[in-house]
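> Build me a structure from this.
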Amino acid sequence: MNKLSVVILNYNGRDFLKQFLPGVVKHSLPHEVIVVDNASTDDSVDFLTSHHPEVKLMCFDQNFGFSGGYNEAIRLIESEYIVLLNSDVEVTAGWIPPILDILESDTNLAAAQPKIMDFKKKTHFEYAGGAGGYLDTLAFPFCRGRVFHTIEEDKGQYDDSRDVFWASGSCLFVRRDAYLEAGGLDEDFFAHMEEIDLCWRLWNLGYRVAMSHKSTIYHVGGGTLDKSHPRKTYLNFRNGLSLMLKNERSSQLLWKLPVRMLLDWLAAVHFSSHSGLKHGAAIIRAHWHFTLSFATNYKKRKDIVRKNTKSPRHQGLIIWQYFALGKKRYNEIIR
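Numbering: from 1, shown residues only. Prediction:
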């Protein structure tokens, strides 16, 4: 059995593969690199076959989506550790050993991420990952290095390895057995926040999630949907509610879910005024579809095992701290 497999899910991503795959192969040795093709309609498979015979190719005859594609692949791959790596990521020399070392040192550590920087502005953290992710009391996500639209320059302020609440799906190291025990990625999420949901379930099971500042990668981002697209707004708000319904403790859910939904309605007014009516409508549609899927998510909730594990979740309200108190950076919010 292989110790670790780097798994890249591809759908019509030939250009990203051409740009980034050579570096992934070079800097991942001696570990195997697997490209999982989600029934691409471009020439990705032909390109891989002719230009990268050293890469293991796994082809599906249908598009299972992001979550489904990884779930199908990880069931078939028998390595002890899996790296879920986006195709639009530039890795660096020595990116694997620091994270593999911390995973090997503690069997209770189920997942981890490197420091994730912006490929387009390499001095700054990347929006959806930074130096590790957190949730506030109402399940709003933020990162060390990114709080809402404030993205920090990396000046070494987060150069410490520590537990985080969630690790980014753009470069997610995970213990395969723990991934399967937690049920993998929720395929109903389609995209966005599916890794947060997985990490929350890992914490519920009694595992830990961490980041290592000794490993760095650069992520292009926005490959699935640009942040200005109403579809992204829809997915973020729908999945944010599903995330809370599935994972929050019952005593907390009874008051947190109504408050979160009320704040979302206020956000719909704000988005309509500042980003356009399509974004406000996307939030309303997200709530409607969340309501329709309530029974499905509640059934999933009943299947989640919850152990008394203390996690590094932020107990404050990030929107209050950011918009009312003017605390724009992680180290101003959590000291």
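
> Would you mind giving the domain segments of this protein?
Residue ranges for the domains of the chain, per automatic domain parsing: 4-219, 230-308.

> Single out the most deeply packed of those domains.
domain 4-219 (a mean of 20; mean count of other Cβ atoms under 10 Å). (Glycine included, C-beta is placed from N, CA and C.)

> Distance from the chain centre to it, please.
Relative to the centre of its chain, domain 4-219 is centred 7 Å away, using Cα atoms, centre = their mean, to the nearest Å.

> Please name whichever of the domains of the chain is nearest to residue 333.
Nearest to residue 333, of all those, is domain 4-219, at 6.8 Å by Cβ to Cβ.

> Where does the prediction get shaky in the stretch 201-335 of the chain?
223-228, 308 (pLDDT under 70).

> Quick one: the helices in it, in order.
Remark: helices assigned in the stretch 201-335 of the chain by DSSP state H, counting those that start in this stretch are 230-247, 250-274, 277-292, 294-303, 318-319, 330-333.

> Rebuild the domains of the chain as TSV, extending it with distance to residue 320.
Converted to TSV, these look like this (distance: least, Cβ to Cβ, whole Å):
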stretch	distance to residue 320
domain 4-219	9
domain 230-308	10
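
> Residue 329: which of those is closest?
Closest to residue 329 of the domains of the chain is domain 4-219 (Cβ to Cβ; 5.9 Å).

> and the end-to-end length of that closest one?
Using Cα to Cα, to the nearest Å, the end-to-end distance of domain 4-219 comes to 21 Å.

> Stretch 221-236 too?
15 Å.

> hmm, back to that, among the domains of the chain, which is nearest residue 323?
Once those are compared by Cβ to Cβ, domain 4-219 is nearest, at 8.3 Å.

> hmm, back to that, so which of the domains of the chain comes closest to residue 325?
domain 4-219 (11.8 Å).

> re earlier: out of the helices of the stretch 201-335 of the chain, nearest to residue 166?
Between these, helix 230-247 lies closest to residue 166; by Cβ to Cβ that is 10.0 Å.
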